[in-house]
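J.: Turn this into a model:
(2 chains)
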Amino acid sequence: MTKVQPGMRRQLASAGEAVDRLCGELRAGLLADLPPRERFAIELLLREALTNAVVHGAGNRRAARIDCEILPIAGGLRIRVADGGQGFEWRRWRNVIPRPQIDRGRGLHILYRYASEVRFSENGSQVELTRIFAKEKQDEL
Amino acid sequence: MNFEIRREGETAVVATHGDVVASSVPELRPALGELVRGGLRDMVLDLADTAMIDSTGLGLLLSAFNSLHKVQGKFAVVNASEEILELFRTLRLHQHFPVAGR
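T.: Numbers count the residues shown, from 1 in each chain, chains lettered A, B, ... in the order given. Reported below is the predicted structural model:
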């Protein structure tokens, strides 16, 4: 049976090290009891959402703050990330599959492949990601 | 994140220790670029000690693959975890360069 602990809410600086610290904290805490596949998927979703906020939302300004919330829901987890930036045209990139010759632009693609549901606010400065955990295999006759 | 580079004949094996993610790529990218500019043709990335790779890390791998492909070189990933293998398959990156698990 997959167990999750109560959710968490954090405000972090707009910097890669802050993203790493939060992910380290999650690995040891909230995500520790999840199966490796789900642990990886949640951390990956969180990293992509936060990195997007750092690079595009807050424009790598360390003074800027990013709000992050992780909530257990029935059968899964929900991640909310909000930055104070001007947002971006998320509709334009929603269905774009990056060509292998291009080394950027995979973050959004990962969100849509790893989340069960992706919801951006109108201007794209907030994102809500829901992942429903895969059913664990059980032995049966 | 630390990494080490060892030469095995014509191949450079780059072993990463830690996550290959947005915060660590700026450190790793120049080292890989230097190998390619120095005339290296074959590169193997050993992920035995790496638990996480994000889109920025994947971008670096694609840059290395593209640079080596241009000079008829080869790029491969070895010792990837189950979860990283699944990520490569999900994004179909394994169709461009060989990816092996642990």
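J.: On the pLDDT front, check the spatially most central residue of chain B for me.
T.: With distances taken as CA atoms, centre = their mean, B:L45 lies nearest the centre of chain B, 4.0 Å away. In this prediction, B:L45 carries a pLDDT score of 98.
J.: what helices or strands is whatever helix or strand it lives in leaning on?
T.: In this structure, B:L45 sits in strand B:42-49 according to DSSP states H and E. Packing partners of strand B:42-49 (3 or more CB pairs under 8 Å, 6 or more residues apart in numbering or on different chains; DSSP states H and E): strand B:11-17, helix B:25-37, helix B:55-70, strand B:74-80. Using the backbone N, CA and C atoms, a C-beta is placed for each residue, glycine as well.
J.: Pick the most buried one from the ones you listed.
T.: Across these, the average number of neighbours (mean count of other CB atoms under 10 Å in any protein chain shown) peaks for helix B:55-70, which reaches a mean of 21.
J.: roughly how far out does that one sit from the chain middle?
T.: How far helix B:55-70 lies from its chain's middle: 7 Å, per CA atoms, centre = their mean, to the nearest Å.
J.: That helix near chain A at all?
T.: Yes: against chain A, helix B:55-70 shows contacts by CB under 8 Å from any CB of the partner chain at B:55-56, B:58-60, B:62-63, B:65-66.
J.: now the residue nearest the centre of chain A, nearest residue through space, not along the chain?
T.: Central residue of chain A (CA atoms, centre = their mean): A:L46, 2.4 Å from the mean position. Among residues not flanking A:L46 along the chain, A:I79 sits closest, at 5.6 Å (CB to CB, 6 or more residues apart in numbering or on different chains).
J.: For the helix or strand where that neighbour lies, name the packing helices and strands.
T.: Element membership for A:I79, per DSSP H and E: strand A:76-83. Where contact means 3+ CB pairs under 8 Å, 6+ apart, strand A:76-83 is packed against helix A:36-52, strand A:65-73, strand A:126-132.
J.: Check these for me and report the most buried one.
T.: Greatest average neighbour count among the helices and strands packed on strand A:76-83 goes to helix A:36-52 (a mean of 23), per mean count of other CB under 10 Å.
J.: ok, back up a step: and the helices and strands packed on strand B:42-49 as CSV, adding distance to A:S121?
T.: Putting the helices and strands packed on strand B:42-49 into CSV (distance: least, CB to CB, whole Å) gives the following:
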stretch, distance to A:S121
strand B:11-17, 36
helix B:25-37, 28
helix B:55-70, 21
strand B:74-80, 35
